[in-house]
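Asker: Kindly generate the corresponding structure for this input.
(one chain, ligands or ions: 1)
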Amino acid sequence: MEVLSYPNPVLMRKCTPVAVINQRLRDLVSEMLRTMYEFRGVGLAANQVGYPLQLFVMNETGDIEKPEYEHVLINPIIKKRKGILVDEEGCLSFPGIYADVNRSEFIEIESIAIDGSIQRFKWKERPARIAQHEYDHLQGICFVDRLQELNLQEINTKLEELKINYENNVKQGLMPSDEETQKFIAELEKQFCE
Ligand code: ZN
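Answerer: Alright, predicted model coming up:
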């Protein structure tokens with residue numbers, strides 16, 4: 001699987017809720033987990049790999065040998081937030097870019113598990129931060145959208161580079177055009193979202 005980079009439009013669009021948990025979805029989740037570990041991430045949202053679905057995976061350790069920290073969240077909702085913490089974040093869709101982001105210190109998050117049951121987590125600090133970052137992705141929000149003006153100015157040159165890269169890739173046919181992406185999204189919604 002390929003991880004899409006900013007400013008791919010799939011990253012800027014609110015994802016659609018998953019309506020059916022079928023073998024295709026389970027396969028997609030396995031692929032996402034594999035991709036997350038391969039790229040040494042601690043979380044990955046479905047739209048980062050081109051599937052605009054309300055679904056993310058995470059493992060706060062980033063360690064494939066520690067599956068007890070592995071979580072799959074389908075159609076997640078953050079029910080409660082408390083406190084504020086600032087810490088540095090990066091994102092697989094923004095290679096080489098790191099910046100301080102404000103996040104809630106504690107969250108309660110509800111979602112559907114891969115077996116279809118409802119799961120609730122109370123997380124603080126690191127797992128809470130990761131879950132908020134991934135949850136944002138599903139709303140079409142990237143971590144750079146959460147930055148304060150000064151921090152944003154610092155990374156502006158790198159963001160411009162990513163934009164130029166993306167445009168070149170589209171021109172060279174290495175990435176689908178926005179129109180093709182829209183078609184692909186409509187197809188997927190038929191398969192997973194009825
Ligand atoms: Zn991210």
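
Asker: mind listing the strands for this protein?
Answerer: Applying DSSP state E to the chain gives strands spanning 43-45, 55-59, 70-89, 99-112, 118-124.

Asker: The shortest one pairs with which strands, parallel or anti?
Answerer: Strand 43-45 has these partner strands in its sheet, going by DSSP bridges: strand 55-59 (antiparallel).

Asker: what's the strand it pairs with in contact with?
Answerer: The contact list for strand 55-59, computed with Cβ atoms under 8 Å, 6 or more residues apart in numbering, reads 15, 18, 25, 28-29, 32-33, 36-37, 42-46, 66-67, 69-76, 127, 130-131, 134-135, 137-138. C-betas here are computed from N, CA, C, even on glycine.

Asker: run the last query once more with 7 Å
Answerer: Residues outside strand 55-59 that contact it (Cβ atoms under 7 Å, 6 or more residues apart in numbering): 18, 29, 32-33, 36, 42-46, 66, 69-74, 130-131, 134, 137-138.

Asker: Give the buried subset of those residues as a PyMOL selection command.
Answerer: A single PyMOL command selects the buried members of these (16 or more other Cβ atoms under 10 Å):
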select buried, resi 18+29+32+33+36+42+43+44+45+46+70+71+72+73+74+130+131+134+137+138
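
Asker: For Thr181, which of the strands of the chain is the nearest?
Answerer: Ranking those by their distance to Thr181 (criterion: Cβ to Cβ) puts strand 43-45 first, at 16.1 Å.

Asker: what residues does the closest one touch?
Answerer: Contacts for strand 43-45 (Cβ under 7 Å, 6+ apart): Met32, Thr35, Met36, Phe56, Val57, Met58, Leu92, Ile130, His133, Glu134, His137, Leu138.

Asker: re the thing from before, tell me which of the strands of the chain approaches Gln153 most closely.
Answerer: Once the strands of the chain are compared by Cβ to Cβ, strand 99-112 is nearest, at 10.6 Å.

Asker: Run through the neighbouring helices and strands of the closest one.
Answerer: Judged by 3 or more Cβ pairs under 7 Å, 6 or more residues apart in numbering; DSSP states H and E, the packing partners of strand 99-112 are strand 70-89, strand 118-124, helix 125-138, helix 149-171.

Asker: pLDDT at the spatially most central residue of the chain, what is it?
Answerer: Geometric centre of the chain, nearest residue: Ala45, 2.7 Å, by Cα atoms, centre = their mean. If you check Ala45, the pLDDT there is 98.

Asker: now do Glu194
Answerer: 60.

Asker: partners of Val86 in the sheet?
Answerer: With DSSP bridges as the rule, Val86 is bridged to Asn102.
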